[in-house]
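> show me how the following folds:
(4 chains)
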Protein chains: 2
Amino acid sequence: MSLPHAILTALLEKPSSGLELTRRFDRSIGYFWSATHQQIYRELGRLESDGLIRALPAEQPARGQKKSYEVLPAGRAELARWTAASQDLKPVRDVLLLRLRAAAVVGTEGIEADLRRHLALHQRQLAEYQEIEERDFGPGKDTAQDRLQHLVLRAGIDLETFWTQWLTRALEEFEDLPGPA
Amino acid sequence: MSLPHAILTALLEKPSSGLELTRRFDRSIGYFWSATHQQIYRELGRLESDGLIRALPAEQPARGQKKSYEVLPAGRAELARWTAASQDLKPVRDVLLLRLRAAAVVGTEGIEADLRRHLALHQRQLAEYQEIEERDFGPGKDTAQDRLQHLVLRAGIDLETFWTQWLTRALEEFEDLPGPA
DNA sequence: TTGCTCATGTAACCCGTTACATGATTCG
DNA sequence: CGAATCATGTAACGGGTTACATGAGCAA
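A predicted model of the protein is given here:
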């Protein structure tokens, strides 16, 4: 039950149409909560019929017509409630770790190339986050809001740093291993 | 499509019944791929009808009767194929980071207590991993299989270390913030 | 008028979750 | 015998994923 709250957050930051939201879920918010346009339209419909958001301008009834939404007071209240509520942490589910465990049983053949691929992807993501940090969080950015957003970005940076280091170590380990031949 | 492969891995490590698998998914494998008993039974049924595993002993047809499974050659082959196959990495989906982003908009009231709770949980998990490391991966454990499993455990340790550090930093940040009062 | 892009949707499927059901075994 | 526990399931639901459908606006 987090997608509606992700959308409420995005709409509070800036009222948007479905497609604009989709674009923002490809960067920004999407860095820690991804969503496709199908999910977003479905959820916008629910939020509207629940009275948490409303379509912005004069009635635009049709398909193919842009339709922007803004958050209603009830929506803001719901988001505040959800943000403050205690939530259990979800158990980890990581395919790559699972594959390594499987490789310990059926052999490592073929997996090394994919580790390299993942390493490159994480390095790229890390670089992107670091660019954002330099661009958006220089000195003089320390309102409460800036500091919270910076904190979230730091989590992204540290996570990607972890993965690049761990994958590098994993690949070193593979060089020492008996090898596929 | 990872649960069947998690089960195949577990069954190759040791043939088991549904409930025994469930127990192992509460520790061990469950540390990076969790599953409930309902999922496991459903999937065992599929794997059996697909010819990847088979029930072990004489026909035990009934409910309430223990039923163990072992992996068939086709199952091992499928697991090897899956392990070697390139797989896209799933986008991050982290509720806590989302909540902080929301807090930047609707206020931080109430969230600090939950950060503390999360910190305690991650510290506990970290301690558990470190115990496992000391117990199971002392010197003299460096077959290929040991080293792969140790690598996976290191990922768990490093991830929990990241979260404890990041949450600690986050809580420090909150002490400096304007505060809810 | 054809095709491309913007924009909003529908439909079907699968996995994970939650609640519940039922038989077997053991122990007081 | 009754209750707890072990063990195997069924059923319903919801979110995420994938594939497809439809309309508007614009440009070659």
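> can we go C-alpha only for contacts and neighbour counts from here?
Noted.
> so what's A:Pro73 up against?
When contacts are counted by C-alpha atoms under 8 Å, 6 or more residues apart in numbering or on different chains, A:Pro73 touches A:Leu52.
> so it versus B:Val106, what's the distance?
From A:Pro73 across to B:Val106, the span is 11 Å (C-alpha to C-alpha, to the nearest Å).
> likewise for A:Ser49?
Distance, A:Ser49 to B:Val106, by C-alpha to C-alpha: 22 Å.
> which one of those two has more residues nearby?
Higher neighbour count among A:Ser49 and B:Val106: B:Val106, with 20 against 11, using other C-alpha atoms under 10 Å in any protein chain shown.
> just give the closest residue to that one, not the sequence neighbours.
A:Ala80 (5.7 Å; C-alpha to C-alpha, 6 or more residues apart in numbering or on different chains).
> element containing that neighbour, please.
Assigned by DSSP states H and E, A:Ala80 falls within helix A:73-84.
> from the chain's centroid, how far away is that helix?
In terms of C-alpha atoms, centre = their mean, to the nearest Å, the centre of helix A:73-84 is found 20 Å from the chain centre.
> what's the answer for stretch A:20-30, then?
Its chain's average C-alpha position is 9 Å from that of stretch A:20-30, according to C-alpha atoms, centre = their mean.
> hmm, it in reach of DNA strand D?
No. Stretch A:20-30 is not in contact with DNA strand D by C-alpha under 7 Å from any atom of the strand; minimum separation 10.8 Å.
> need the per-residue pLDDT for the residue lying closest to A:Ala102 once chain neighbours are set aside.
Nearest non-adjacent residue to A:Ala102, counting by C-alpha to C-alpha, 6+ apart: B:Thr9, 5.4 Å away. For B:Thr9, the pLDDT comes out at 98.
> B:Thr9 touches A:Gly107, doesn't it?
No. Using C-alpha atoms under 8 Å, B:Thr9 is not in contact with A:Gly107; the gap is 11.6 Å.
> neighbour-wise, which of the two wins?
B:Thr9 (26 against 18).
> can you tell me which residues contact the more buried one?
B:Thr9 is in contact with A:Arg101, A:Ala102, A:Val105, B:Leu79, counting by C-alpha under 8 Å, 6+ apart.
> if we use 10 Å, what do you get?
B:Thr9 is in contact with A:98-99, A:101-106, B:3, B:15, B:29, B:71, B:75-76, B:79-80, counting by C-alpha atoms under 10 Å, 6 or more residues apart in numbering or on different chains.
> and A:Trp82, by the same measure?
Residues in contact with A:Trp82 (C-alpha under 10 Å, 6+ apart) are A:Met1, A:Ser2, A:His5, A:Arg76, B:Arg99, B:Ala102, B:Ala103, B:Gly110, B:Ile111.
> and what of A:Thr164?
Contact partners of A:Thr164, counting by C-alpha under 10 Å, 6+ apart, are A:Arg116, A:His118, A:Leu119, A:Ala120, A:Leu121, A:His122, A:Gln123, A:Arg124, A:Leu126, A:Asp158, A:Ala170.
> hmm, try it at 8 Å
The neighbours of A:Thr164, taking C-alpha under 8 Å, 6+ apart as the test, are A:Leu119, A:His122, A:Gln123.
> go on, A:Ser2?
Going by C-alpha under 8 Å, 6+ apart, A:Ser2 touches B:Val95.
> measure it to DNA strand D for me?
7 Å (C-alpha to the nearest atom of the strand, to the nearest Å).
> hang on, the residue nearest to A:Ala102 in a helix?
Yes. Under DSSP: H, G, I helix; E, B strand; the rest coil, B:Thr9 sits within a helix.
> where exactly do the helices run in chain A?
A:3-13, A:18-24, A:37-49, A:73-84, A:95-106, A:111-136, A:144-176 (DSSP state H).
> run through the residues that contact the spatially most central residue of chain A.
With distances taken as C-alpha atoms, centre = their mean, A:Phe32 lies nearest the centre of chain A, 2.1 Å away. Shown in contact with A:Phe32 (C-alpha under 8 Å, 6+ apart): B:Pro91, B:Val92, B:Arg93, B:Asp94, B:Val95, B:Leu97, B:Leu98.
> let me know the pLDDT of A:Arg27.
We have a pLDDT of 91 for A:Arg27.
> mind putting the contacts of A:Thr164 into a markdown table with pLDDT, distance to A:Asp142 and neighbour count?
Converted to a markdown table, the contacts of A:Thr164 look like this (pLDDT from 0 to 100; distance: C-alpha to C-alpha, whole Å; neighbours: other C-alpha atoms under 10 Å in any protein chain shown):
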| residue | pLDDT | distance to A:Asp142 | neighbour count |
| --- | --- | --- | --- |
| A:Leu119 | 98 | 33 | 20 |
| A:His122 | 97 | 28 | 21 |
| A:Gln123 | 98 | 28 | 17 |
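> filter the contacts of A:Phe32 down to just the buried residues.
Buried members of the contacts of A:Phe32, scored by 16 or more other C-alpha atoms under 10 Å in any protein chain shown, are B:Val95, B:Leu97, B:Leu98.
> what residue spans form the domains of chain A?
Using the TED database, the domain parsing of chain A gives A:2-84, A:95-176.
> send the alpha carbons of stretch A:151-166 over as CSV?
What follows is stretch A:151-166 as a C-alpha-only set of coordinates in CSV (Å, rounded to 0.1, in the frame of the first residue of the first chain):
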residue,chain,number,x,y,z
LEU,A,151,19.6,12.2,3.4
VAL,A,152,17.5,10.1,1.0
LEU,A,153,20.0,10.7,-1.8
ARG,A,154,22.8,9.7,0.5
ALA,A,155,21.1,6.4,1.1
GLY,A,156,21.1,5.8,-2.7
ILE,A,157,24.7,6.8,-3.0
ASP,A,158,25.8,4.5,-0.1
LEU,A,159,23.7,1.6,-1.4
GLU,A,160,25.3,1.8,-4.8
THR,A,161,28.7,2.2,-3.3
PHE,A,162,28.0,-1.0,-1.3
TRP,A,163,27.0,-2.9,-4.4
THR,A,164,30.0,-1.8,-6.5
GLN,A,165,32.4,-2.8,-3.7
TRP,A,166,30.7,-6.1,-3.0
